[in-house]
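> Quick one, what's the 3D model for this:
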Amino acid sequence: MSTTTSHTPESEEHPETTATRPARLIQNEATTEIPVHLLFRDDPDPVAVPLRPAVVARRQGTGEQPRLRRPAPARRIAVPQLDPELTERPGRALPGAAGVLAGVGGLTGCLATCWWAGVLPPLAAQALHLPAYAGAGLGPAQWAAYAGAGALGLAGFGGLARGTTGRAWVLGLFGRYRGTVRRTGLLWVNPLLRRRRVDVRLRHWRSETMPAADSSGVALRVVVLVVWRVRDTARAALGIEDHESYLRECVEAALARVPVDMPGGARGAGAAEAAGEALTRLVASEAAPVGVEVFSVRPVRMEYAPEVAAAMNRRRIAALDAAQRATMLTSVVDSVEDTVTRLTMRGLVELDDYERKVLVRDLTVAFCAGREPSS
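Below you'll find the model as predicted:
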């Protein structure tokens, strides 16, 4: 007797499993088994990593883990720096009396050597009340005395300098900075030092016409007034070739970056003041490393560039005319409204809607005709 074994399909044994299992939304999805002990960890919740909205929107619902990108490091602009040792410091100088005494001593020594050598003219000896002396002649001792007295006289008179208020002497020896002398009066400075005079007074510079632009990008021609002075003479005289030319270039560069609006423009009366403050900050920050202190940079004259002057003048006149017409129309409407209201409230006239409209129209025409400027 044969025994038949029947195999029941899995779908027939668990029909509810097949019916409730959702279909795969993604064809290539895969499942991963998670260990049970990881589901019951006591660690605090991990800190969520903030993602950019664009990254989240691109990767949301795709099953792909977002990749975080490190921000690119900011590029540092190399700012040129001068020699840190090149800073103004006081230079050595003696009172002028010391130089005068040294010069007089050297001259006296030369005359005494001439009398000693017997080469002094008799008239000069009588004028100096020197006794008659035949002289020992010009020997090595006399030549040495001549050299010493001459060197003393040249050093004394050659080192005299006159210091004035508002000017300084920048001293250098063989290309090396040796200090700055700001003292006034008669001074004695080492004659071997090279002296370079620098003006340290408060100065103002009215520039030539420079190109600029307003907030709308319209080309302008601007004249600025710069108030400045030399603060560090060492940096201004030795750290740069020409500090005045450098200041001029700084002003031109600042005008290229800061918009300057015409007076009475759309930005108001404070636009010129704001532009002046911005120009002052920019120029002062760029001129400070070379020893120049800038107090103010103010536009004193502005005009449109020749290529746009005619068009901008027409536009400006049209804007003024429109503003004047709007002001006049507002005044006329207020006058008509006040007149009609007074007539109605005092009971002088009784008007219906049509008569009120006619009266308002006639009064408006009359007031506008009376306010038009005579040609």
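
> hey, let's count contacts and neighbours off CA atoms from now on
Will do.

> which stretch of helix or strand covers the spatially most central residue of the chain?
When Cα atoms, centre = their mean is applied to the chain, the residue found nearest the centroid is L282 (1.0 Å). Following DSSP states H and E, one finds L282 within helix 270-287.

> Now that helix: buried residues?
Neighbour-count burial for helix 270-287 flags 271-272, 274-276, 278-280, 282-284, 286-287 (criterion: 16 or more other Cα atoms under 10 Å).

> quick one: contacts of that helix?
246-247, 250-251, 254-255, 258-263, 292-299 (Cα atoms under 8 Å, 6 or more residues apart in numbering).

> In helices, which of those residues appear?
Taking DSSP state H, the ones among the contacts of helix 270-287 that sit in helices are 246-247, 250-251, 254-255.

> And the strands in the stretch 101-250 of the chain?
160-163, 167-173, 176-181, 185-188, 194-199, 203-206, 210-213, 219-230 (DSSP state E, counting those that start in this stretch).

> now do the stretch 251-375 of the chain
According to DSSP E, counting those that start in this stretch, the strands that the stretch 251-375 of the chain contains are 292-304.

> Any regions of it where pLDDT drops low?
The stretch 251-375 of the chain contains residues with pLDDT under 70 at 264-269, 309, 312, 370-375.

> these two touch, right, W228 and A288?
No - counting by Cα atoms under 8 Å, W228 stays clear of A288, with 10.8 Å between them.

> More neighbours: those two, which one.
The neighbour count for W228 versus A288, taken as other Cα atoms under 10 Å, is higher for W228 (21 against 16).

> tally of neighbours for the nearest residue in space to the more buried one that is not next to it in sequence?
Nearest residue to W228 in three dimensions, chain neighbours excluded: V294, at 4.4 Å (Cα to Cα, 6 or more residues apart in numbering). A total of 25 residues lie near V294 under the criterion other Cα under 10 Å.

> Please apply the same query to R315.
R315 has 12 nearby residues by other Cα under 10 Å.

> Equivalent analysis for A310, please.
12.

> tell me the contacts of it?
Taking Cα under 8 Å, 6+ apart, one finds nothing in contact with A310.

> Could you list the residues in contact with stretch 351-369?
329, 332-333, 336-337, 340, 344.

> returning to what we had before: quick one, what contacts the residue nearest to W228?
226-229, 280, 283-284, 287-288.

> Can you tell me which of those is nearest L160?
Comparing the contacts of V294 against L160 with Cα to Cα places R229 closest, at 26.8 Å.

> partner residues bridging that closest one?
Taking DSSP bridges as the rule, R229 bridges to E293.

> That one contacts A236, doesn't it?
No - judged on Cα under 8 Å, R229 makes no contact with A236 at a distance of 10.2 Å.

> which neighbours do the two share?
Common contact partners of R229 and A236 (Cα under 8 Å, 6+ apart): V292.

> Those two: which is more packed in?
A236 (24 against 17).

> Which residues are in contact with the more buried one?
230, 242-243, 290-292.

> Relative to R176, how far out is it?
15 Å (Cα to Cα, to the nearest Å).

> Also R195?
12 Å.

> Of those two, which one has the most company?
R195 (18 against 12).

> residues touching the closest residue to that one other than its chain neighbours, list them.
Counting by Cα to Cα, 6+ apart, R195 lies nearest to L171, which is 4.9 Å off, once chain neighbours are set aside. For L171, the contact set (Cα under 8 Å, 6+ apart) comprises 91, 177-181, 193-196.

> Show me which positions of the longest helix seen in the chain end up buried.
Counting residues, the longest helix in the chain under DSSP H turns out to be helix 306-345. If you call a residue buried by 16+ other Cα under 10 Å, then helix 306-345 has these buried ones: 328-329, 332-333, 336, 340.

> Also compute the angle for it relative to strand 219-230, please.
Angle of helix 306-345 versus strand 219-230, following axes from the mean of the first three to the mean of the last three Cα atoms, to 10 degrees, is 100 degrees.

> picking up where we left off before, by neighbour count, sort out the buried ones in the contacts of A236.
230, 243, 290-292.

> Surely V260 and S216 touch.
No - between V260 and S216 there is no contact under Cα under 8 Å: 9.7 Å.

> So for those two, which sits in the more crowded spot?
Neighbour count, other Cα under 10 Å: between V260 and S216, V260 has more, with 29 against 9.

> And that one, its phi and psi?
phi -120, psi 120 (degrees, to the nearest 10).

> Could you pull up the contacting residues of it?
Contacts of V260 by Cα under 8 Å, 6+ apart are 212-215, 271-272, 275.

> Closest one to A323 out of those, please.
Nearest to A323 among these, with distances taken as Cα to Cα, is A271, at 20.1 Å.

> Give me the distance between that closest one and L120.
80 Å.

> what does L187 give?
33 Å.

> now swap in C114 and tell me
5 Å.

> Between these two, which has more neighbouring residues?
C114 (21 against 16).

> Quick one: residues contacting that one.
L120.

> can you tell me how far it sits from Y146?
8 Å.

> Can you check which residues contact both of those two?
With Cα under 8 Å, 6+ apart, C114 and Y146 have no common neighbours.

> quick one: average pLDDT of stretch 176-188?
The average of the pLDDT scores along stretch 176-188 is 92.
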